[in-house]
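S.K.: model the structure of this input:
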Amino acid sequence: MTNNPPCVFFDLGQTLVTEWNFINHFDGEFLELLNGYGARIDVRNYHAIRDNIIRNRRIGYGSIRELVIEVCRAILPNGYENAILQRIEPKVKQGKKELFRLADGTGQVIKELSDRKCELGIIANQSNDILALLQAAGLDKYFKVIAISGTVKIKKPDPGIFHLALKEAKRKPEECVMVGDRLDTDICPANRLGMTTIRVTDSLFALQQPREECEYPAFTVFKLIEVPKAVENIISEK
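M.R.: As a prediction, this is how the structure comes out:
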């Protein structure tokens, strides 16, 4: 880290954008479909299966589609996942549109970091439409770099999306901070590049536990609102 304020990159899903309302809605819709196809599973057992799949990293990039497939394969005969995907995908699309929202304190965090002269960026596996949340809140103007997989066609943890963001920011990795919720797609690739990392654990992916050295974040916070203090600590440790 140099003497200049760092460039702080954020993940979107379950970092700048809270998905808890959507997750609760999805779980209810999915459980109803599973039982409609003969699963006979209650909420408690569904959560146990879902959480085990996430904990054991069986859903790759973390898409809802991958989660549906893995849960179906765990409790239903082969082939049912395709029928359930056809039924649930329109509901997922609508649910994201209606239930995704900015995490509490997002505006405060962005403005506070900006006031401290930190440059801001986004590195996220998302479709471009999620940026409408930042635009509606008038916060998109604070971001110097926006590297979204839907635009650049590269997904984390591929280091290519990080290199693109760093190049656009005109920054070295050691001058940057990565804030995200996932150890495998946010923390590990950023650490490997030499960025300083902050993990936010107000996420379903808090179930993940480090498996290798690169997955240990420099700082861990529960809520997004705690990020400026962690950045302040990073600056003070330069």
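S.K.: which residues touch Ala190?
M.R.: 9, 162, 173, 178, 180, 197 (C-beta atoms under 8 Å, 6 or more residues apart in numbering). The way it works is simple: take the backbone N, C-alpha and C, and place the C-beta from them, glycine included.
S.K.: could you rerun that using 6 Å?
M.R.: For Ala190, the contact set (C-beta atoms under 6 Å, 6 or more residues apart in numbering) comprises 178, 197.
S.K.: next secondary structure after the helix or strand containing it?
M.R.: If you go by DSSP states H and E, Ala190 is part of helix 188-193. Once the chain leaves helix 188-193, the next helix or strand it forms, by DSSP H and E, is strand 196-200.
S.K.: contacts for that following strand, please.
M.R.: For strand 196-200, using C-beta under 6 Å, 6+ apart, the contacting residues are 15, 177-179, 181, 187, 190-191, 217-221, 224, 230, 234.
S.K.: beyond that strand, next helix or strand please.
M.R.: strand 219-221.
S.K.: could you say what helices and strands that next one packs with?
M.R.: For strand 219-221, the packing partners by 3 or more C-beta pairs under 6 Å, 6 or more residues apart in numbering; DSSP states H and E come out as strand 196-200.
S.K.: that older thread, the helix holding Ala190 - what's its average pLDDT?
M.R.: Taken as a whole, helix 188-193 carries a mean pLDDT of 98.
S.K.: now do the buried residues in it.
M.R.: Neighbour-count burial for helix 188-193, counted by 16 or more other C-beta atoms under 10 Å, picks out 188-191, 193.
S.K.: once you drop chain neighbours, what's closest to Ser114?
M.R.: Tyr142 (5.2 Å; C-beta to C-beta, 6 or more residues apart in numbering).
S.K.: measure that neighbour to Val71 for me?
M.R.: Remark: distance between Tyr142 and Val71 (C-beta to C-beta, to the nearest Å) = 38 Å.
S.K.: comparing these two, which residue is more hemmed in?
M.R.: Neighbours per residue, other C-beta atoms under 10 Å: of Tyr142 and Val71, the larger number sits with Val71, 24 against 16.
S.K.: can you pull the contacts of Asn191?
M.R.: 197, 214.
S.K.: of the contacts of strand 196-200, buried ones?
M.R.: Judged by 16+ other C-beta under 10 Å, buried ones among the contacts of strand 196-200: 15, 177-179, 181, 187, 190-191, 217-219, 221, 224, 230, 234.
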